[in-house]
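Asks: Sequence first, then the predicted structure, then my questions.
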Amino acid sequence: MIGILIFLAIVAGSIFYIISLYNGLVTSRNRYKNAFSQIDVQLKRRYDLIPNLVETVKGYLKHERETLEAVISARNTALAASKQAAGNPGDPKLMQALGGAEGMLTGALGRLFAVAESYPDLKANQNMAQLQEELASTENRVSFARQAYNDDVTLYNTDREKFPATIIAGMFNFTAAELLESTESPEERKAPKVSFT
């Protein structure tokens, strides 16, 4: 009788331990998905600011149509990549596509700001100054949200790779999540200059 009770206690303890591991993996996965949603909020804010920026600049940069079109094209590509990534945060292909699209957008914005530097009237425009300030603030928020996401992905991946959680992760299809890293060259990684002063 005591042997049966000990056996049942071991089985019950094992079941509770497996449940605990499973719940821990679910918690970690939900944490990084929530962190991605914070990035998504900031990226949407960024994407909403860009058309206003382009409209403000458009009147001044009549001869820079190619630059403006590049910004709008990069914005649309990044917006589409963001929507796809939001459907499955952590998916390696989607995270790489989003990182690449964001790199292209940052580069296009940098070129726009570089061209705009040569227009004194544009630098003095109050609307332009406000948009620059909002964009700079949003860029900082995106950076902080990206760091929080990457921290949570790292914790999740670490949790799922630990033994015996790796067995549970394999049984219940807890796949590895991808960090959201920049795919830009070191030169492109420089933040776009958003000050015309």
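Replies: Structure received.

Asks: Which residues are in contact with the nearest residue to Lys44 once chain neighbours are set aside?
Replies: The shortest distance from Lys44 to any non-neighbouring residue, by CB to CB, 6 or more residues apart in numbering, is to Ser82 (7.4 Å). Placement of C-beta: from N, CA and C, glycine included. Residues counted as contacts of Ser82 (CB atoms under 8 Å, 6 or more residues apart in numbering) are 40, 43-44, 47, 98, 101.

Asks: Which helix runs longest in the chain?
Replies: With DSSP state H setting the assignment, residue counts place helix 2-58 as the longest helix in the chain.

Asks: Buried residues of the helix or strand just after that one, list them for me.
Replies: With elements assigned by DSSP states H and E, the helix or strand that comes after helix 2-58 is helix 65-87. Residues of helix 65-87 classed as buried: 67-68, 70-71, 74-75, 77-79, 81-82, 85-86 (neighbour count, 16 or more other CB atoms under 10 Å).

Asks: now helix 65-87: mean pLDDT?
Replies: Per-residue pLDDT over helix 65-87 has a mean of 91.

Asks: Offset the numbering so it begins at 16, please.
Replies: Taking 16 as the first residue, the last one we looked at is helix 80-102.

Asks: How far off centre is that helix?
Replies: Centroid displacement of helix 80-102 relative to its chain, using CA atoms, centre = their mean, to the nearest Å, is 14 Å.

Asks: Helix 17-73 and that one, what's the angle between them?
Replies: Put simply, helix 80-102 runs at 160 degrees to helix 17-73, going by axes from the mean of the first three to the mean of the last three CA atoms, to 10 degrees.
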